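K.L.:
coords please:
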Amino acid sequence: MNAQANSNLRSSADLADLGKVTEGTEARAITLALAEFASTIEVEDIPASVRFRALHHMLDAAGIAVAASRYDHSQRVLNAMRGLGGEGSVPVIGLPARLSPRDAAIMNGYLCHGLDFDDTHVAGIIHPTASVFPAVLSAAAMVGASGRDMVTAYIIGIETAARIASVAKSGFHQVGFHPTGIVGVFASALAAGRLLGLNARALEMAQGIAVSMASGSLEFVEDGAWNKRLHPGWAAQAGITAAALAREGFVGATRPYDGRFGLFTSYMGSYADQADFSLATAGLGQAWELMETAIKPYPACHFTHACIDAALALRSQGVTAADVREIEVRVPTGTHKVICLPEANKLRPANSYDAQFSVQWLTAAALVKGRLGLAELEAPTIADPEIMALTQKVRFADYPDSPFPKAYSGEVIVKLADGRVLSHREHINRGAAERPLTNGEIVEKFRANATTAVDGTKTRRMEQAMLGLETATEAAAELAVFSSAGTR
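P.N.:
Next up, the predicted model:
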């Protein structure tokens, strides 16, 4: 551990005390608590089970990035990054390229989030790994950090991202902001700052700088634009930038979260009053939000997963598209703006990204195909006449007793031509903390994703490198196996 951070060392009990900050305490309390946590936590403060799970979350993200490297939109982003900054030293996952640290963070974040298949902290409604993992990979490459140090920094980023996002209680979405973009910058600043050797005071400043870099509009839901894919990488590079500035003594705002123009006031609008600031530090250093972060079983907006599973359950009971007269999908009110509206767009998605955010189309596709994977999101399936016809029969309604945002509930009610009404509800979505994917299932998901782009031998080498990262002397060098993937 670096000397600056070591000088601020606290015990596990002291770290737990940082979680007692509540709204109404001194203005700097949240910023200070997060900075102290990020600068002082040690390897032994983090349970082995959490560290092992962290490796699987990074493996999941890397597998998605490898699969995303096959797509034209990814190559276009790489061309843009190369045009801006040329080659560098940090490996790009899944592609035969190395970029400068900030450009690599943008590119790797784009790839990790490019298929909308990456993990989600359920209560915070944020995709934390897609920004934090690229940030720590670039920062580790900058300083030659060990695998253990990179894993610790990654966990710091996940823990802070989850808590900051949870404060909003879904309010960011309601006013059109994507939490992954606007919160990811703070998490990336703290995680990268840890690897860059920042002490607690400098990490306070990094957060104060980051508040001016937070961005991420939900306008992409209107037309299936590519913007959302860019949000995590943009947050990662902004976080690295904030940390680098703070290292040089740049002075940032002192109240980035609860100030008059702080994150929650500026980005939640009329929902700002619902912010629960106690969640920013609740259980910090004691309860591990990484273990509350869900791995996605489907490459689509996490809000839709319960309805996909419900549709598949109904299909297993013998329901076919030809039998259906009408379908009602019930999802929490807080998800309607993202996956149900505007209804005209959701009923006729123009592209795969449109489809990934249409609960109507995804429900119909699951009923017709009996599965929902990357193959089902290719252009021929999007335009499949049977799926499109069934989509027109889908209407949405509220799921009244959902624990949202603690879980993403869903119910599908099918009215059949013979008069029968069948239904299936998933009160707690698969992948959530109460129904997590096992580490073995995550490895299988990684293999399925990676082998869409590389052969089995390369896939095994990637898997071994990530799961053995804790023993690596230089993390970025160990993970270079994920670069130069090309195609089979």
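K.L.:
surely residue 253 touches residue 211?
P.N.:
Yes: using Cβ atoms under 8 Å, residue 253 makes contact with residue 211 at a distance of 5.7 Å. C-beta here means a position set from N, CA and C on the backbone, and glycine is covered the same way.
K.L.:
output the below-cut-off pLDDT ranges for the chain.
P.N.:
Low-confidence segments of the chain, defined by pLDDT under 70, are located at 1-28, 485-488.
K.L.:
which residue lies nearest the spatial centre of it?
P.N.:
Closest to where the C-alpha atoms of the chain average out (Cα atoms, centre = their mean) is residue 127, at 1.4 Å.
K.L.:
specify the local secondary structure of the residue of the chain most remote from its centre.
P.N.:
Largest separation from the mean C-alpha position in the chain: residue 418, at 42.8 Å (Cα atoms, centre = their mean). When classified by DSSP: H, G, I helix; E, B strand; the rest coil, residue 418 comes out as coil.
K.L.:
I'd assumed residue 323 was in contact with it.
P.N.:
Yes: judged on Cβ under 8 Å, residue 418 makes contact with residue 323 at a distance of 7.4 Å.
K.L.:
any idea how far residue 377 is from residue 122?
P.N.:
Per Cβ to Cβ, to the nearest Å, residue 377 is found 23 Å from residue 122.
K.L.:
an error on my part: the question was meant for residue 459.
P.N.:
29 Å.
K.L.:
of these two, which one has the most company?
P.N.:
residue 122 (26 against 21; other Cβ atoms under 10 Å).
K.L.:
for the more buried one, give me its contacts.
P.N.:
Each residue near residue 122 by Cβ atoms under 8 Å, 6 or more residues apart in numbering is listed here: 292-294, 302, 405-408, 429, 432-433.
K.L.:
check which helix or strand covers residue 139.
P.N.:
Element membership of residue 139, judged by DSSP states H and E, is helix 129-143.
K.L.:
wait, isn't residue 247 in contact with residue 199?
P.N.:
No: assessed by Cβ under 8 Å, residue 247 is found out of contact with residue 199, at 9.8 Å.
K.L.:
okay, the two: which has more neighbours?
P.N.:
Each of residue 247 and residue 199 has its neighbours counted (other Cβ under 10 Å); residue 199 has more, 22 against 19.
K.L.:
who touches the residue farthest from the centre of the chain in this structure?
P.N.:
Here residue 418 is in contact with residue 323 (Cβ under 8 Å, 6+ apart).
K.L.:
again with the one 4 residues further on
P.N.:
With contact set as Cβ under 8 Å, 6+ apart, residue 422 has these partners: 314, 317, 319, 413-414, 416.
K.L.:
hmm, residue 467 is touching residue 55, no?
P.N.:
Yes: judged on Cβ under 8 Å, residue 467 makes contact with residue 55 at a distance of 5.4 Å.
K.L.:
which one of those two is surrounded by more residues?
P.N.:
residue 55 (19 against 16).
K.L.:
determine the three-state secondary structure at that one.
P.N.:
Secondary structure, three-state DSSP: residue 55 is helix.
K.L.:
so who does it touch?
P.N.:
Here residue 55 is in contact with 151, 466-467, 469-470 (Cβ under 8 Å, 6+ apart).
K.L.:
quick revisit: are any of the contacts of residue 422 buried, and if so which?
P.N.:
314, 319, 413-414 (16 or more other Cβ atoms under 10 Å).
K.L.:
could you export these as CSV, including secondary structure?
P.N.:
CSV is the format used below for the buried ones among the contacts of residue 422 (three-state DSSP):
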residue, secondary structure
314, helix
319, coil
413, strand
414, strand
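K.L.:
of all these, which two lie farthest apart?
P.N.:
319 and 413 (11.2 Å; Cβ to Cβ).
K.L.:
the stretch 151-300 of the chain: helices as residue ranges?
P.N.:
171-174, 179-195, 200-210, 227-247, 263-268 (DSSP state H, counting those that start in this stretch).
K.L.:
checking residue 425 next. Helix, strand or coil?
P.N.:
Quick answer, by three-state DSSP: residue 425 is strand.
K.L.:
any idea how far residue 310 is from it?
P.N.:
6 Å.
K.L.:
what about these two, which has more around it?
P.N.:
residue 310 (25 against 18).
K.L.:
name the helix or strand for that one, please.
P.N.:
According to DSSP H and E, residue 310 maps onto helix 305-316.
K.L.:
any buried residues in that helix, and which?
P.N.:
By neighbour count on 16+ other Cβ under 10 Å, the buried set for helix 305-316 is 305-315.
K.L.:
check stretch 426-434 too.
P.N.:
426, 428-433.
K.L.:
kindly report the same for stretch 35-43.
P.N.:
If you call a residue buried by 16+ other Cβ under 10 Å, then stretch 35-43 has these buried ones: 35-41.
K.L.:
would TSV of these with distance to residue 298 be doable?
P.N.:
Formatted as TSV, those follow (distance: Cβ to Cβ, whole Å):
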residue	distance to residue 298
35	37
36	38
37	33
38	33
39	38
40	38
41	34
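K.L.:
list just the nearest of those residues to residue 85.
P.N.:
residue 38 (27.7 Å).
K.L.:
apart from its chain neighbours, what residue comes closest to the closest one?
P.N.:
Closest residue in space to residue 38, ignoring its immediate chain neighbours: residue 190 at 4.3 Å, by Cβ to Cβ, 6 or more residues apart in numbering.
K.L.:
burial count for that neighbour?
P.N.:
31.
K.L.:
so it is in contact with residue 207, correct?
P.N.:
Yes: between residue 190 and residue 207 there is a contact under Cβ under 8 Å: 7.1 Å.
K.L.:
which residues do the two both contact?
P.N.:
34-35.
K.L.:
contacting residues for residue 162?
P.N.:
121, 123-124, 126, 128, 289-290, 292-293.
K.L.:
ends of stretch 192-208, how far apart?
P.N.:
15 Å (Cα to Cα, to the nearest Å).
K.L.:
list the buried residues of that stretch.
P.N.:
Neighbour counts over stretch 192-208 (16+ other Cβ under 10 Å) mark 192-200, 202-208 as buried.
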